[in-house]
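# Output the structure for:
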Amino acid sequence: MDIFSEFLKTTGFASMTWGNAIMILIGILFITLAIRKDYEPLLLVPIGMGAIVGNIPLIEGMALSVYDAGSVLSYLYFGVSHGIYPPLIFLGIGAMTDFSTMLSNPKLILLGAAAQIGVFLTFLGALSLGFSYKEAGAIGIIGGADGPTAIFLAAKLAKELLGPIAIAAYSYMALVPVIQPPIMRLLTTRQERLIRMAPPRRVSQREKMIFPVAAFLICAMIAPGAIVLLGMLFFGNLLKESLVTERLANTARTAMIDIVTILLGFSVGASTQAATFLQPESMLIFALGAASFAVATAGGLLFAKFMNLFLKEKINPLIGAAGVSAVPDSARVVQMVGQQEDPHNFLLMHAMAPNVAGVIGSAIAAGILWSVLT
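Residues are numbered from 1 along each chain as shown. Presented below is the predicted three-dimensional model:
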């Protein structure tokens, strides 16, 4: 009986806290949303399972968690805490991305830039709530709706907030179909939502091959802090568009990005231990993240309406909501909302222009914040 009693003390049941139970339920909720609602399943399933694993009570003296030096999970988490996984994700995104619609209508790049207002307004909001400059910068980037960028910047500026920032960023990316449509309907009229746009012009293969090199040089000069993310993004795109490295491009956009997504999502989820995650500042980060995402969406919409004051060929302001860099989910939401008004209005191709511009914009914003706040 003494042996049995000692065994019971080593089980998770004996050390389970309310915080662990709450985080395990949140992990189950993430998995449920991914399966039942199809909300970013490639992200929420690994994060949800990681949250369950990370909140099993630990045995004293055994290195098991992501925060225990020498544990297996700590080695997996190394790629998160040192910003290794995000550039690899960007490489895969670059190999999947077609910049043709953006190149065919360059003025739509401005919508991707306008959406980054959420980043900088949230930065100011976080400062006003008592966060340090570095912490505020890491929190602000959630408004870009770009999980890898948020993780990369948090790893550089505020490692102690990495878990809440990563979960907030990926949660709001997954909830794009829930958060954006009400804002889009509130800030646009039915007449504006019915605007049809002319088909984009055909972009030559030469333009596609020149773009990643030229765009990287311009962006890197503006924000040297973004060279790792943008370098990998445009490198991946060059692999795709050069037409001579299809094998490498295919690996980057399939097997490699899938492996890194699994490791990143699971590691981030496992870092959400109740003792470190369920803190007042985590709740503030979630609130600021929601505000940041809403402001970014509104910024893109309102700037599209502003552009229409000067354009002869009007643009549908709905595509401004795609300026956040949740690729391609926000572009799909634009298509969905547009077709609810007119089933024959196809906005997806146009929305992809500010969407991919938003990816570049969020990386530049992160580079600027890193450069200024370091």
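# Which strand or helix spans residue 197?
In the assignment (DSSP states H and E), residue 197 maps to no helix and no strand.
# and it, what does it touch?
Contact analysis of residue 197 by CB atoms under 8 Å, 6 or more residues apart in numbering lists 313, 315-316, 319, 347, 350. C-beta coordinates here come from the backbone N, C-alpha and C atoms, glycine included.
# can you do 10 Å?
The contact partners of residue 197, by CB atoms under 10 Å, 6 or more residues apart in numbering, come to 105, 108, 313-316, 319, 345-347, 349-351.
# Among the residues you listed, which are located in strands?
Among the contacts of residue 197, DSSP state E puts none in strands.
# Show me the shaky parts of the stretch 1-150 of the chain.
The stretch 1-150 of the chain contains residues with pLDDT under 70 at 8.
# cutoff 80 now
1-15, 59-62, 143-145 (pLDDT under 80).
# all helices of it, in order?
2-10, 12-15, 18-36, 41-54, 72-81, 85-96, 100-104, 109-114, 117-128, 133-140, 147-157 (DSSP state H, counting those that start in this stretch).
# Which among those is found nearest to residue 192?
Closest of these to residue 192 is helix 109-114, at 14.3 Å (criterion: CB to CB).
# looking just at contacts, which helices and strands does that closest one meet?
The helices and strands touching helix 109-114, judged by 3 or more CB pairs under 10 Å, 6 or more residues apart in numbering; DSSP states H and E, are helix 100-104, helix 280-308, helix 348-373.
# what about the nearest residue to residue 137 once chain neighbours are set aside, neighbour count?
Once flanking residues are discounted, residue 137 sits nearest to residue 369: 4.1 Å by CB to CB, 6 or more residues apart in numbering. By other CB atoms under 10 Å, the residues close to residue 369 number 26.
# same thing with residue 112?
Neighbours of residue 112 using other CB under 10 Å come to 28.
# Quick check: the gap between the closest residue to it other than its chain neighbours and residue 228.
Excluding the flanking residues, the one nearest residue 112 by CB to CB, 6+ apart is residue 357, at 2.7 Å. With the distance defined as CB to CB, to the nearest Å, residue 357 ends up 19 Å from residue 228.
# Residue 351: what's it in contact with?
Remark: with contacts taken as CB under 10 Å, 6+ apart, residue 351 is in contact with 101, 108, 111, 197, 316, 318-323, 328, 330-335, 338.
# try it again with 8 Å
318-319, 321-322, 330-331, 334-335.
# hmm, back to that, please look at the residue nearest to residue 137 and residue 141 and confirm they touch.
Yes - with contact defined as CB atoms under 8 Å, residue 369 reaches residue 141; the gap is 6.7 Å.
# Endpoints of stretch 246-259, how far apart?
19 Å (CA to CA, to the nearest Å).
# buried ones in it?
Across stretch 246-259, burial judged by 16 or more other CB atoms under 10 Å covers 248-249, 251-253, 256-257.
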